[in-house]
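>>> Sequence first, then the predicted structure:
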Amino acid sequence: MNQTEDNNKKVNSDTIFSSIFTDFEGRFKGRLGAVIPTKIFNASENAPISARYDCRIKAGYHKDIMRLLEEGMIVAVRNFKSKTENQKKTEDRTENSSDKRFTLLVISRIWPDHYGLRGLSDSTYYPMQFEVIEQSVMDWEGDDMSTMMIQLSTIPINYDLIIHEDDGSYEFAKGFSYPIIGDEAYLLNAETIRDMYNKKILEQLQKEKEKAKNGATLDINEQNIGIIKMFENSKEKIPIFVNYDNMIRYHFGIFSFTGGGKSNLLSNLLRKILLGSSDNKIVIFDISSEYPFLLMDIFNNSAIKSKIILESPIKNSDQFYISVVKPRDYEENENVRRSLAKIYDKGIVSHFIKPQDVTPTFHIILEQLYKLREESSNRPHYISAIGEIQRKIVEFIIQNELVEKDPINERFVQLLVTHALQAMEKFKVNEKSTLFGWAASLEYLINSIQKNDSKKSDDGFTTDQIINMIDGDTRLVCLSISDPYKIKDIVINISNEILRRRKRQFKVRPYVLFVFDEAQEFVADLSNSRGIDKECSQEVETLLRQGRKYGLGGCIATQRIAYLNTSALQQLHTYFVGTLPRPYDRNVVSSTFTIDQGILEKTLEFAPGEWLLSSYIATGIENIPIFIKADNSEKVLEEFLTK
């Protein structure tokens, strides 16, 4: 190859690199100084996860770089799978001979280093210590690379960047490759980051939009959940998108301490799920009674059929206003009062009722017969009569494609009465016996069924009616019930029945998202739970384990992750982590979701609305921690209230 070809190749390579990387106009020049294996000292179940290597990058000092560099940025360093120029010349040319391969690292810590300050110790002559310290202040304002540098601690994200120099394209390949110590470090620019996290998701959203029967009301470009916390000081805003369908179906969690913006983020995600699709449904178990306020624009949206179920009946809009929990800044806001009054006037606010007579299931009837069989063990003809009745019940269930958990109906009771009395006569059962009395009293079941069927929606909603509503065309159901026992009982019944129906129907669409805010109430740690707390936690865990096969998703939001059922947590494929001040909570997050402890420590510096996002399925690149700033839900409400 002659000199001209070498020069042309270098120009072409520089052009490609400048389209993928940034050096902040020549101010960033760094090299990989060391790859330090990390040591794991704690092997307990909830021990935090640490990356295998701490990769130290040393960069020349420039005062602007300390302002422009941010934790979370991605650095690329050439690795040993990338061929050198000498290798390319000596080897036969192949399809990939011009490819360059880089190990990708995420910046976890940045600090400036001063040669003079490093040489100081407590034993140094005191006046000299002060002189060096004072001099360093002036040094920081300059760009003297002989006495100062910038140190970066980075962690491998287990992806390689492969650049195809033939056509300038690039791709990301999963897996860790050992980087070349001493080689140059490159910062991925804003456009590459945008492509890395969003290109795949935007393509998926476009396909979903084309397949949808009815167009969503939210444009694809408006479906971002916020911006990536990179290049903020250089005034570049990179939106972050997620695949909402995958996030729903494979479950997600939101974890943050009080004041971190948990409800704000969740309400905004729910809003975009509803506006960005034409059929996805949401069921909110709202023990804090705050979502009628947080989603008041959706409840006022006539295009989205919704229902609010309260704990007790209310007579007017003023009572509804009082029952809804509002942020302190909105407690005396007249626009909020008017908006909630409109929701009430729409007739979508009702209350929960428990049926006076619960319709028995086929399982209950069969259980009654099993007990009668035990009591009649010394009367063979009684056992024969019971066996015949049991066979008729099983035949009815099979012929009508039902299961034992289904409630009985009037037609079944009429058949049961007929066959039971025929069996009494056929096998000569004594009229004074318990078995005969049971058969003769079966007609009372018809009255129980008729009473429950006569309940009108104006009188409130039973669990069965809420389930039918979810199965119908209602897209948003909010159960604002503060009684822990009552709402847990509803969770158990609804999640169990909806899952059972989906299994029986082999149904996946539409996706239904079950939202458990204040999740410590619903998904409690099983080792410390009893009674209905344990039953509810087990039921939610079952929903999360099995629901994804049938289009049923779950959202778990809490401020104390340490109190939760870890088996349920392990079903989550997407998670948003805010500030968690308690080390044990961070350790649980680290061990459950395999997030490096060093990355999690950064969350302690988060302001409200800032999150660490990671997903196995809903982001453009798998299981990579992304620092984001979420959109503010209150801004959406402010715009709605001032219309």
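Yes, it's here.

>>> What is the burial count for Arg101?
18 (other C-beta atoms under 10 Å). (C-beta placed from N, C-alpha, C; glycine too.)

>>> Same check on Arg586?
With neighbours defined by other C-beta under 10 Å, the count for Arg586 comes to 23.

>>> mind listing what Thr361 touches?
Neighbour list for Thr361: 404-408 [criterion: C-beta atoms under 8 Å, 6 or more residues apart in numbering].

>>> same deal with Val523?
Contact criterion C-beta under 8 Å, 6+ apart gives 516, 536-537, 540-541, 556, 564-565, 568-569 as the residues in contact with Val523.

>>> Which of these sits closest to Gly60?
Leu569 (43.9 Å; C-beta to C-beta).

>>> Spatially nearest residue to the closest one, not counting backbone neighbours?
In this structure, Leu569 finds its nearest non-sequential neighbour in Thr592, 5.2 Å apart by C-beta to C-beta, 6 or more residues apart in numbering.

>>> ok, Ala524 to Arg586 distance?
Separation of Ala524 from Arg586 (C-beta to C-beta, to the nearest Å): 20 Å.

>>> so where's the stretch 351-500 of the chain uncertain?
Scanning the stretch 351-500 of the chain for pLDDT under 70 picks out the ranges 355-358, 447-459.

>>> Which residue ranges of it form strands?
Here the stretch 351-500 of the chain has its strands, by DSSP state E, counting those that start in this stretch, at 476-480.

>>> for the stretch 151-300 of the chain, same thing?
For the stretch 151-300 of the chain, strands defined by DSSP E, counting those that start in this stretch occupy the ranges 169-174, 184-188, 226-228, 238-240, 252-255, 281-285.

>>> Tabulate those in TSV, adding columns for distance to Gln520 and mean neighbour count.
Shown next, in TSV, are the strands of the stretch 151-300 of the chain (distance: least, C-beta to C-beta, whole Å; neighbours: other C-beta atoms under 10 Å):
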stretch	distance to Gln520	mean neighbour count
strand 169-174	35	13
strand 184-188	39	21
strand 226-228	26	21
strand 238-240	28	21
strand 252-255	11	27
strand 281-285	13	25
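
>>> quick revisit: so what does the residue nearest to Leu569 have for phi and psi?
Main-chain torsions, Thr592, degrees, to the nearest 10: phi -70, psi -40.

>>> repeat for Asp406
phi -70, psi 150.

>>> Compute the distance between it and Pro37, please.
The value you get for Asp406 to Pro37, if C-beta to C-beta is used, is 59 Å.

>>> Between those two, which has more neighbouring residues?
More crowded of Asp406 and Pro37, by other C-beta under 10 Å: Asp406, with 19 against 8.

>>> Starting from Ser495, give me the distance back to the more buried one.
From Asp406 to Ser495 the distance is 17 Å (C-beta to C-beta).

>>> same deal with Lys229?
As for Lys229, its distance to Ser495 is 36 Å (criterion: C-beta to C-beta).

>>> Kindly report the same for Leu604.
Distance from Leu604 to Ser495, by C-beta to C-beta: 35 Å.

>>> Which one's more surrounded, those two?
The residue with more neighbours, out of Leu604 and Ser495, is Ser495; 25 against 10, by other C-beta under 10 Å.

>>> check contacts around that one.
514, 539-540, 542-543.
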